[in-house]
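Peer 1: Structural data only, the sequence is not supplied:
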């Protein structure tokens, strides 16, 4: 079906991961949020839906749309983001003389860096830069079972998918417009259980991740200070790493987990500097996701990585109109779906 068939259809964003599913509808001309919502999901059951096609995802989508939406959703046409940790993306450079063998070079990259046989993946690539002597392309791969099972669940819930992308790409779209995202930028997306890391340099150039998230910090504090999880969460979001009587204990509690994140950040930076761009300097680090709500985390990354770091706050781009916006402590969870909902039909079909 052609582009003209869909040009008047509004696209809504649908962010699907192992801990929550979110939806958002935006009028792209006015940047007006028409509706949004989120539903918490069981991680074990979601993984089963991803890998085996269990009906749990379908039922959660129906519950989200029926019970959890604030405002209204403008259409049934959706763009979907999947967990970055379940996808594989990286840029690579080859001599211009080898362009006729680009597809083979892509498959070589997949074979070298993706721990899944090519026959079980959907693989795509795009040339993102040309010079007199070289071509830089970005390779993306995702398990076929994951895509097929998610698409089936989305369609069974009465929605029509138009595009699927890693969640970090959706975040990058929003940050590019609101947070000086034209600079070579490290994005650190701290979710409940995982942290996704990417280099944004015009487009996403390389991704990585660590199995550490906001819930990990809470568990670390609870164990170190001997307090209940609820109290540990309060200490994390109210005190965090800021100066205060408990700073030393909280900092020492979360330090090992933060170091796992910075170790992966350094690995991603090394790949970017050695394989993609030796002449560009990464200018900033932007922190997003639910785990970014720990005070002082920007200063921690600034000091540890010697790079200007801050928690991103792209909400000036969006107008919630008469809708009650998400509470401040929950806004970060909607960054991915806001980036998805900002997509227009022209961008999908170009």
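Peer 2: Arrived safely. For clarity, every value in this text was computed on a predicted model and none was experimentally measured.

Peer 1: In the stretch 51-200 of the chain, what residue spans correspond to helices?
Peer 2: 56-67, 102-113, 144-156, 167-178 (DSSP state H, counting those that start in this stretch).

Peer 1: Of the ones you listed, which stretch is the most buried?
Peer 2: Highest mean neighbour count of the helices of the stretch 51-200 of the chain: helix 167-178, a mean of 23 (counted as mean count of other CB atoms under 10 Å). For every residue, glycine as well, the C-beta is placed using N, CA and C.

Peer 1: now it: mean pLDDT?
Peer 2: Summarised as a single mean, pLDDT over helix 167-178 is 88.

Peer 1: residues making contact with it?
Peer 2: If you take CB atoms under 8 Å, 6 or more residues apart in numbering as the criterion, helix 167-178 is touched by 13, 15, 17, 81-84, 181-182, 185, 187, 189, 196, 198, 200, 203-204, 207, 286, 288, 312, 314, 316-317, 335-340, 342-343.

Peer 1: And stretch 287-298, by the same measure?
Peer 2: Here stretch 287-298 makes contact (CB under 8 Å, 6+ apart) with 171, 175, 187-192, 195-196, 213-214, 217, 236-242, 254, 258, 301, 309-312, 329-330, 332-333, 335.

Peer 1: got it, and stretch 47-60?
Peer 2: For stretch 47-60, using CB under 8 Å, 6+ apart, the contacting residues are 16, 18, 21, 39, 41-42, 45-46, 86, 145-146, 148-150, 152-153, 156-157.

Peer 1: List buried residues within the contacts of helix 167-178.
Peer 2: With burial judged by 16 or more other CB atoms under 10 Å, the buried subset of the contacts of helix 167-178 is 13, 15, 17, 81-84, 181, 185, 187, 189, 196, 198, 200, 203-204, 207, 286, 288, 312, 314, 335-340, 342-343.

Peer 1: Strands - which of those land there?
Peer 2: Counting by DSSP state E, the part of the buried ones among the contacts of helix 167-178 found in strands is 13, 15, 81-82, 185, 187, 189, 196, 198, 200, 203-204, 207, 286, 288.

Peer 1: Tell me which of the residues you listed has the lowest pLDDT.
Peer 2: Sorting those by pLDDT puts residue 203 at the bottom of the list (86).

Peer 1: does that one really touch residue 129, like I thought?
Peer 2: No - Residue 203 is beyond contact range of residue 129, at 9.1 Å (criterion: CB atoms under 8 Å).
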